[in-house]
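# next input, structure requested:
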Amino acid sequence: MKKKACKSCKIFVEGDSCPICKKSSFSTNWQGRIHFTNVEKSMIAHEMGIEKKGEYTIKVR
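Here you go, the predicted structure:
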């Protein structure tokens, strides 16, 4: 089973609502994964607008 990702903030979600934006709009059509452990020091997280650590997708359709 493919993981589902939030369409708004691109984080992978297991429940019925996104832990970051609290929305329930998900997609299983995504490309690429990136895992942030220290978002304060990550230039990529800064460029993507990520503020919380976790596993994100690069592109959600």
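# contacting residues for the residue nearest in space to the middle of the chain?
Nearest to the mean C-alpha position of the chain, by CA atoms, centre = their mean, lies Ile11 at 1.6 Å. Applying CB atoms under 8 Å, 6 or more residues apart in numbering, we find Ile11 in contact with 5, 18-20, 52, 54-57. For the C-beta atoms, the positions are set from N, CA and C on the backbone; glycine is no exception.
# show the buried residues in the residues you listed.
When burial is judged by neighbour count using 16 or more other CB atoms under 10 Å, the buried members of the contacts of Ile11 are 5, 18, 20, 54, 56-57.
# strands - which of those land there?
Among the buried ones among the contacts of Ile11, DSSP state E puts 5, 54, 56-57 in strands.
# can you get me the start-to-end distance on stretch 20-36?
Stretch 20-36 has an end-to-end distance of 14 Å (CA to CA, to the nearest Å).
# what's the spacing between the nearest residue to Glu51 once chain neighbours are set aside and Ile58?
In this structure, Glu51 finds its nearest non-sequential neighbour in Val39, 6.2 Å apart by CB to CB, 6 or more residues apart in numbering. Applying CB to CB, to the nearest Å, the value for Val39 to Ile58 is 15 Å.
# quickly list what Trp30 is bridged to.
With DSSP bridges as the criterion, Trp30 is bridged to Val60.
# tally of neighbours for it?
The number of residues packed near Trp30 is 21, by other CB atoms under 10 Å.
# could you do the one 3 residues further on as well?
By the other CB under 10 Å criterion, the neighbourhood of Arg33 contains 12 residues.
# for Asn38, same thing?
For Asn38, the count of nearby residues is 8 (other CB under 10 Å).
# contacts only, for the closest residue in space to Thr37 that isn't next to it in sequence.
Among residues not flanking Thr37 along the chain, Lys53 sits closest, at 5.6 Å (CB to CB, 6+ apart). The contact partners of Lys53, taken as CB under 8 Å, 6+ apart, are 36-39.
# from Ile34, how far out is Lys53?
Going from Lys53 to Ile34 by CB to CB gives 11 Å.
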